[in-house]
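Trainee: sequence below, structure please.
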Amino acid sequence: MTNERIDRAVACFDGGHLCSQAICRCFGEEFGLTPEMAIRLSTGFGSGMSRTDQVCGAVSGGVIVLGLAFGSSDPSDRAARERTYTAVQEYVAGFTKVHGSISCTELLGYNLGNPAEAEAARVQGVCSRICPGLIQTAARLLEEHLADPDRVDERSE
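Mentor: So this is what the prediction gives:
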């Protein structure tokens with residue numbers, strides 16, 4: 001497995017993009033998303049779903065990518081829906097196993113939707129210290145899912 005996309009995702013975050021954008025941009029192109037489209041699509045998922053104290057943006061970006069990889073545009077394609085659900089469940093479980101949670105607030109120790117906590121997190125450099133590791137985990141798990149030959153074969157059905 002190459003670390004190239006993992007490194008690119010962290011570099012994208014370090015360059016100013018949100019965690020969700022970094023993941024979606026670096027993996028979305030494989031599924032036809034332009035960088036601009038990936039960035040726009042994933043904007044609302046950053047900072048725990050737009051600072052609503054929800055799911056980590058790196059995880060959300062990964063869910064978008066898994067939908068692109070295993071989902072279908074045909075609403076009657078229940079097999080694709082189940083493949084996607086299974087992939088997302090495994091992805092979330094893998095992330096939780098490493099970090100203990102998928103909650104942005106729990107992962108950072110600050111609720112970014114609370115202005116005082118967001119400012120404290122900024123002053124402490126919490127996001128620049130913690131988020132790169134979260135992005136690495138999310139990207140590594142995506143690499144594993146996308147490289148799994150059994151899953152790849154399922155995608156082409």
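Trainee: what's the distance between the closest residue to Ala139 other than its chain neighbours and Arg40?
Mentor: Leaving aside its chain neighbours, Ala139 sits nearest to Ile6 (4.2 Å; criterion: C-beta to C-beta, 6 or more residues apart in numbering). Placement of C-beta: from N, CA and C, glycine included. Separation of Ile6 from Arg40 (C-beta to C-beta, to the nearest Å): 23 Å.
Trainee: Pro75: neighbour count?
Mentor: Residues near Pro75, counting by other C-beta atoms under 10 Å, number 8.
Trainee: need phi/psi at it.
Mentor: The phi/psi pair for Pro75 (degrees, to the nearest 10) reads phi -60, psi -20.
Trainee: which pLDDT value belongs to it?
Mentor: Per-residue pLDDT puts Pro75 at 94.
Trainee: the residue nearest to Ala139: neighbour count?
Mentor: Applying other C-beta under 10 Å, we find 20 other residues in the vicinity of Ile6.
Trainee: worst-scoring helix or strand of the protein, pLDDT-wise?
Mentor: Of the helices and strands making up the chain, the lowest-confidence element is helix 149-155, at a mean of 60, by mean pLDDT, DSSP states H and E.
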